[in-house]
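[1] quick one: sequence and predicted model below, then my questions.
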2 protein chains.
Amino acid sequence: MISKKMVGLVKGSSVIRAMFEEGKQMAKKFGAENVFDFSLGNPNVPAPKAVNENIKKIVDSENPVVLHGYMSNAGYEDVREAIAQSLNTRFDTAFTSKNIIMTVGAAGGLNVALKSILDPGDEVMVIAPYFGEYKNYVSNFDGVLVAVNPNPPTFEPNYADFEAKISKKTKAVIINNPNNPTGVIYKKEWIEKLAAILDRKQKELDTCIYLISDEPYRELVFKDVEVPYLTKYYKNTIVGYSYSKSLSLPGERIGYLVVPSEADSFDDLISAMGVATRILGFVNAPSLQQKLIKESLNEKTDIEAYNKNRIKLYEGLKALGFECVEPEGAFYLFMKAPIDDDMEFVKVAKEYNILMVPASSFGVKGYVRIAYCVAYSTIERSLPQFAKLAKRYNL
Amino acid sequence: MISKKMVGLVKGSSVIRAMFEEGKQMAKKFGAENVFDFSLGNPNVPAPKAVNENIKKIVDSENPVVLHGYMSNAGYEDVREAIAQSLNTRFDTAFTSKNIIMTVGAAGGLNVALKSILDPGDEVMVIAPYFGEYKNYVSNFDGVLVAVNPNPPTFEPNYADFEAKISKKTKAVIINNPNNPTGVIYKKEWIEKLAAILDRKQKELDTCIYLISDEPYRELVFKDVEVPYLTKYYKNTIVGYSYSKSLSLPGERIGYLVVPSEADSFDDLISAMGVATRILGFVNAPSLQQKLIKESLNEKTDIEAYNKNRIKLYEGLKALGFECVEPEGAFYLFMKAPIDDDMEFVKVAKEYNILMVPASSFGVKGYVRIAYCVAYSTIERSLPQFAKLAKRYNL
């Protein structure tokens, strides 16, 4: 009786989410301390203390009718203006409230952006490995996902394949920076090359191709590498941001979209995004969380905790003989499976109570993603288990 | 460059939302006290005091990693169980957490429900006048809206037309109780008649037709009339609820869906709704708001304020010669325009700084919707302006 499209989606439902549920069951069975659940990107670092203090301050000071009420679908103007000014200070941009749409997290923002631009059959490009949900988001609007081949071990984009796959139907490219699942940062030079190709192809094909930069991990950077602000490199950029990771608020569903004024069809696009926010059933981003963001723009999560995990895990796994991509950002480690079949490897790892996500979920084979946003002690206790796993594969 | 579908949607964008924006502009120009904005269903009664106290209590007592973190897409289990038990107490039902999916308001919930059940070309029935957004929600999933003819002046459903329009393709019926825009309550006898027709047609056509009851106004009832709990009358019911009006939290985007265990394909439907919540980009209902609901289940908004408005406005307009449907619930008054063209009437009313929504937005002609969720003084001051309007039409 349910939708035919949904039957397939339920069956092949998110491996990540299924693992999250399985992890909870395993924790009940074996004890939480004996399960090494690296499946979900759920921050273990608490929100900065100021966040809860700001929430209390806001409910004590704001008029409740305004604080909990409807506002324009794009969000409170004062919040959008404050975000715009904060971006201008950080990235030397020139945004105002007009360039910002508040969204229900980055996932909500991407859906709003895609609803606004896609007609059935339009193509959206991603670069493998890519966050698996992109496929579902594109499919929500009857778009077609086109994946650029992966380029291990650096995972720098395969520019030739990227250019070759751009067609008259290409409406958007989604990149994720820092990258989930690889932990790699798309550097300035990479972005410049992608932008040059997009500029050239737009002219050649007489089309408009939006570059959607999904940036929930922007603040999670562990090396001295700049994460370029894409609107400065390519005018048809849409930035999707979320406070899920930067302020450890994933459950609160708060983020925003940025469109620079110089983007093609700027006015239409911004109007469409407001309407899409309403029609898709978001109506607006949660109101108290919007006000919270305005008060918390200068707050930062404790990324040193993630960095400590990153180093321990990366060094530990390397020492055991696993082949890993050194993570520069986000809180994921991308590890080569010792066998081609990553699904099988993940299954075997479960025997050691280690939960990891097979790279098949990200459009590539032979890797696993390890989300290290867990307690440091979990990393420490997991290494002997990883050692058994390494031994099993004669590493 | 934007989606062709969106071009039309932006152009014909919500008249209600456009008025909301226009009202803000007019308030700047003429002074807020001289503009009578009855356009938007934005509660003017503040949330109960306990709501803000509960928010502060929750942020002080809950583990922030849990409070602001991801949970199952369906929502926190303790919150869903508490809602289920509260419903059982109030309506003599037998729900558990398994029957509840937390949603981003009722708008989010309806989109989740429709995504879960609709294939392209499936028909969804509504009874005119109906909340205009239903058309957009159904269109999001390539469904086809089929409207049952209006039945003034009581707006009891036209059962013959309802039955005649049910086809093999009918996948769902959406009703809104108490009704937006009429303020009418669908009584037990009405529901029994609708349920009997649906049962008969399901058998005859060998199909499953879900009855989606959109109930954000359930607690806003001013007469001694019961709002029936539909799962008790028809097993294939999906209830959509929101705290937007019952706790004056429209901006916070918090609500839930209920599916009774005896519904056809219950397990599939509940799984599909969880997946749809994720895929549509909601991911989950805002986490702090979920916990807030658990703590605020027995809180009530001050409906006497709305009732006072209702009586003043209804009596006032009747005395001026306007023909009105007496509102029983919600906070809308449905008034017959003195001319056939409601769009023209709304335009003329704007000359008197009165903002109302033409019934064309709700699929009928010749009426206007007046949202009386405003200050009592606004109602008082608006009546002399309505008097001028009445005079203009020689009432």
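    Ah, there it is. Numbering: from 1, shown residues only, chains lettered A, B, ... in the order given.
[2] hang on, residue A:4 packs against residue B:121?
    No: applying CB atoms under 8 Å, one finds residue A:4 not in contact with residue B:121, separated by 11.3 Å. (C-beta placed from N, C-alpha, C; glycine too.)
[3] please name the residues that touch residue A:103.
    Listed by CB atoms under 8 Å, 6 or more residues apart in numbering or on different chains, the contact set of residue A:103 reads A:109, A:112, A:240, A:254-257, A:277, A:282, A:285.
[4] and those near chain B, which?
    A:109, A:112, A:282, A:285 (CB under 8 Å from any CB of the partner chain).
[5] and the second one, that one's in a strand?
    Meaning residue A:112. No: secondary structure assignment (DSSP: H, G, I helix; E, B strand; the rest coil) places residue A:112 in helix, not in a strand.
[6] number of residues surrounding it?
    27 (other CB atoms under 10 Å in any protein chain shown).
[7] nearest residue to it other than its sequence neighbours?
    Spatial nearest neighbour of residue A:112, chain neighbours left out: residue A:276 (4.6 Å); criterion: CB to CB, 6 or more residues apart in numbering or on different chains.
[8] who's in contact with the closest residue to chain B within the stretch 51-200 of chain A?
    Chain B sits closest to residue A:111 of the stretch 51-200 of chain A, with a gap of 3.6 Å, by CB to the nearest CB. The contact partners of residue A:111, by CB under 8 Å, 6+ apart, come to A:137, A:140, A:276, A:280, B:280-281.
[9] output those residues as JSON lines; include the columns pLDDT, neighbour count and secondary structure.
    As requested, the contacts of residue A:111 are exported to JSON lines (pLDDT from 0 to 100; neighbours: other CB atoms under 10 Å in any protein chain shown; DSSP: H, G, I helix; E, B strand; the rest coil):
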{"residue": "A:137", "pLDDT": "98", "neighbour count": "25", "secondary structure": "helix"}
{"residue": "A:140", "pLDDT": "97", "neighbour count": "22", "secondary structure": "helix"}
{"residue": "A:276", "pLDDT": "97", "neighbour count": "27", "secondary structure": "helix"}
{"residue": "A:280", "pLDDT": "98", "neighbour count": "24", "secondary structure": "coil"}
{"residue": "B:280", "pLDDT": "98", "neighbour count": "24", "secondary structure": "coil"}
{"residue": "B:281", "pLDDT": "98", "neighbour count": "28", "secondary structure": "coil"}
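[10] wait, residue A:91 sits on residue A:228?
    No: with contacts counted by CB under 8 Å, residue A:91 stays clear of residue A:228, the gap being 9.1 Å.
[11] so which of these two has more stuff around it?
    residue A:228 (20 against 16).
[12] and residue A:377, how many neighbours does it have?
    Count around residue A:377 with other CB under 10 Å applied: 9.
[13] cool, and residue A:61?
    With other CB under 10 Å as criterion, residue A:61 counts 9.
[14] separation between it and residue A:67?
    Going from residue A:61 to residue A:67 by CB to CB, to the nearest Å gives 9 Å.
[15] need the overlap of contacts for those two.
    With CB under 8 Å, 6+ apart, residue A:61 and residue A:67 have no common neighbours.
[16] next, the contact list for residue A:44, please.
    A:305, A:373-375, B:65.
[17] actually, residue A:166.
    A:125, A:197-198, A:201, A:205, A:209.
[18] now do 6 Å
    residue A:201 (CB atoms under 6 Å, 6 or more residues apart in numbering or on different chains).
[19] what's the spacing between it and residue A:201?
    From residue A:166 to residue A:201 the distance is 5 Å (CB to CB).
[20] now swap in residue A:246 and tell me
    For residue A:246, the distance to residue A:201 - CB to CB - is 32 Å.
[21] pLDDT weak spots in the stretch 1-150 of chain A?
    For the stretch 1-150 of chain A, the stretches flagged by pLDDT under 70 are A:14.
[22] the helices in the stretch 251-395 of chain A, which residues?
    A:266-279, A:287-295, A:303-319, A:342-350, A:376-392 (DSSP state H, counting those that start in this stretch).
[23] closest to residue B:74 out of the ones you listed?
    helix A:287-295 (20.3 Å; CB to CB).
[24] between helix B:287-295 and the closest one, find me the angle.
    For helix A:287-295 against helix B:287-295, the angle by axes from the mean of the first three to the mean of the last three CA atoms, to 10 degrees is 140 degrees.
[25] what does the average pLDDT come to for helix A:287-295?
    In this model, helix A:287-295 has a mean pLDDT of 98.
[26] is chain B contacted by that helix?
    Yes: legend: contact between helix A:287-295 and chain B by CB under 6 Å from any CB of the partner chain is shown at residue A:287.
[27] who does that helix touch, helix- and strand-wise?
    Counting contacts by 3 or more CB pairs under 6 Å, 6 or more residues apart in numbering or on different chains; DSSP states H and E, helix A:287-295 packs against helix A:49-61, helix A:77-91.
[28] report the buried residues of stretch A:73-87.
    A:73-76, A:79-84, A:87 (16 or more other CB atoms under 10 Å in any protein chain shown).
[29] and the helices in the stretch 101-250 of chain A?
    A:105-117, A:133-140, A:159-165, A:188-205, A:243-246.
[30] now do the shortest one, average pLDDT.
    Per-residue pLDDT values over helix A:243-246 give a mean of 97.
[31] give me the nearest residue to the residue nearest the centre of chain A, chain neighbours excluded.
    Centroid-nearest residue in chain A, with CA atoms, centre = their mean: residue A:216, separated by 4.9 Å. With sequence-adjacent residues excluded and distances taken as CB to CB, 6+ apart, residue A:216 is closest to residue A:242, at 4.1 Å.
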